[in-house]
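Q: Got a predicted structure plus its sequence, pasted below:
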Amino acid sequence: MRADEIRFLFGYDRWATRKVLDALDGIDPVVWGLAGVVGERGLGSILVHHLGSSRRWRKLFDGEPMDEGDRLELQPLLTVDELRAGWDDEWTAVDAWLPTLTDDDLAKLDEGIPIWQLLVHVVNHGTQHRSEAAALLTADGRSPGELDLFDFAEAQADS
């Protein structure tokens, strides 16, 4: 896998996450804060976990130290606005780190696993949690629309 392909996947991840975040406008606080809908989590905690895990993975790849505050799932539930601000901060950090990624970096190993596979995992992990959130949002009458990679690729080709 090449670095530009990883950047494409991270672009998809951001595009799809933004679509889910956009569907949150005016969400009922009860729906947002409900727990135990998908396993132990509900809509808000699913999306907070997605942000927290994405941040932790990026810090690992970027060599940044982690602290207790990086476990967002263990903190009081963020509001929708706090979640959006958290993603804006995370995307700023990704925008600083991702362009530095090289093809050689992707071949390096972390505990025997190539970095490119771990990066694909980050995107795939986001897909899982966006799909859980999309199902909950759709049930609440606020579908985020199509979230497939194909739709992102098509939108990129049209622009």
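A: Everything's here; your move.
Q: What segments of this protein are helices?
A: 3-22, 29-33, 43-62, 80-97, 103-107, 115-139, 149-158 (DSSP state H).
Q: Which positions within the second one qualify as buried?
A: For helix 29-33, the buried set under the neighbour-count rule, 16 or more other Cβ atoms under 10 Å, comprises 31, 32. Yep, even glycine has a C-beta here, placed from its N, CA and C like the rest.
Q: thinking again about what came up before, with respect to residue 74, which of the helices of the chain lies nearest?
A: helix 43-62 (8.6 Å; Cβ to Cβ).
Q: tell me which residues of the closest one are tucked away?
A: For helix 43-62, by 16+ other Cβ under 10 Å, it's 43-59, 61.
Q: Touching, residue 46 and residue 129? I think so.
A: Yes: using Cβ atoms under 8 Å, residue 46 is in contact with residue 129, at 5.2 Å.
Q: in this protein, what secondary structure element scores lowest on mean pLDDT?
A: Sorting the helices and strands of the chain by mean pLDDT, DSSP states H and E puts helix 29-33 at the bottom, at a mean of 90.
Q: Distance from the chain centre to that one, please.
A: 20 Å (Cα atoms, centre = their mean, to the nearest Å).
Q: Who are the packing partners of that helix?
A: helix 43-62 (3 or more Cβ pairs under 8 Å, 6 or more residues apart in numbering; DSSP states H and E).
Q: Run the angle between the helix it packs on and helix 115-139 for me.
A: Helix 43-62 runs at 170 degrees relative to helix 115-139, counting by axes from the mean of the first three to the mean of the last three Cα atoms, to 10 degrees.
Q: Nearest residue to the most centrally placed residue in the chain in space, ignoring adjacent ones along the chain?
A: For the chain, the residue sitting closest to the mean C-alpha position, by Cα atoms, centre = their mean, is residue 126 at 4.5 Å. Residue nearest to residue 126 in three dimensions, not counting chain neighbours: residue 13, with 4.9 Å by Cβ to Cβ, 6 or more residues apart in numbering.
Q: show me what contacts that neighbour?
A: Contacts for residue 13 (Cβ atoms under 8 Å, 6 or more residues apart in numbering) come out as 54, 122, 123, 126, 127.
Q: Nearest to residue 8, out of these: which one, please.
A: Set against residue 8, the nearest of these by Cβ to Cβ is residue 123 (9.8 Å).
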